[in-house]
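Trainee: sequence first, predicted model second:
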Amino acid sequence: MTALHVLSADLLRLCARALGLNEDHFDDKFDRHVSSLVANYYYPQMDEPLPGQLRRGAHTDFGGLTVLYQQDNAGGLQVLQGENAWRDVRAIPGSFVINIGDLMALWTGGRWVSTMHRVVNPDRADTSSRLSIPFFFQPNHDAVVEPLPPLAPAPDQQLPETVIAGEWMAMKTQKLFAPAQ
Ligand SMILES: O=C(O)CCC(=O)C(=O)O
Ligand SMILES: [Fe+2]
């Protein structure tokens with residue numbers, strides 16, 4: 001957990017530099033970060049999935065950045081490229097996948113995209129399980145998140161103007177666990 005935090009903090013400094021900011025720009029937004037390390041275990045699919053059922057439905061991650069380990073050679077993770085092209089993200093041994101989360105997207109006025117991703121079902125003959133371990137690097141609960149000057153929201157983005165990080169994450173979590181309509 002410490003190593004993941006150190007890595008994420010390094011990535012955040014790189015993000016700040018890439019945005020033309022001082023590298024410590026995000027420090028006071030993450031000095032009481034509420035990050036989590038999660039293990040996703042996907043059971044072997046012995047029965048045929050229901051129509052439209054995925055191993056993991058399409059979503060964006062809620063927070064700042066995600067550092068994702070996925071089990072070597074398991075496959076299944078896909079990211080949305082453009083409007084409707086899903087692209088496989090193969091596991092490269094010894095590497096992590098880094099996702100931009102909703103709050104980082106908001107900081108950049110939508111110029112950096114909060115990656116829509118999903119996990120598709122294996123072939124019917126493939127009854128292996130799958131493991132992934134994301135580290136969700138989440139800002140302080142009370143961090144105010146809004147587009148960084150001079151990054152006004154890009155006109156084609158449907159992003160809120162400003163959010164409190166904790167409120168945003170609570171709202172997204174509630175939606176995630178809400179019964180299907
Ligand atoms: O299992 C994966 O590769 C992705 C997991 C994921 O997207 C998540 O936990 O938010
Ligand atoms: Fe995710």
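Mentor: Looks like it came in fine. Ligands and ions are numbered 1, 2, ... in the order given.

Trainee: so who does the residue nearest the centre of the chain touch?
Mentor: Geometric centre of the chain, nearest residue: Asp61, 3.1 Å, by CA atoms, centre = their mean. Contacts for Asp61 (CB atoms under 8 Å, 6 or more residues apart in numbering) come out as Asn99, Gly101, Asp102, Ser114, Thr115, Pro134, Phe136. The C-beta positions use only the backbone N, C-alpha and C, and glycine is treated the same way.

Trainee: ok, the fourth one - contacts?
Mentor: Listed by CB under 8 Å, 6+ apart, the contact set of Ser114 reads Thr60, Asp61, Asn99, Ile100, Gly101, Asp102, Met104, Ala105.

Trainee: can you check the first one too?
Mentor: For Asn99, the set of contacting residues under the criterion of CB under 8 Å, 6+ apart consists of Asp61, Leu65, Thr66, Leu68, Ser114, Thr115, His117.

Trainee: what do you get for Val79?
Mentor: For Val79, the contact set (CB under 8 Å, 6+ apart) comprises Trp86, Arg87, Val89, Thr115, Met116, His117.

Trainee: and the gap between the last one and ligand 1?
Mentor: Distance from His117 to ligand 1, counting by CB to the nearest ligand atom, to the nearest Å: 5 Å.

Trainee: so that residue touches Gln78, yeah?
Mentor: Yes. The pair His117 and Gln78 qualifies as a contact (CB atoms under 8 Å) at a distance of 6.5 Å.
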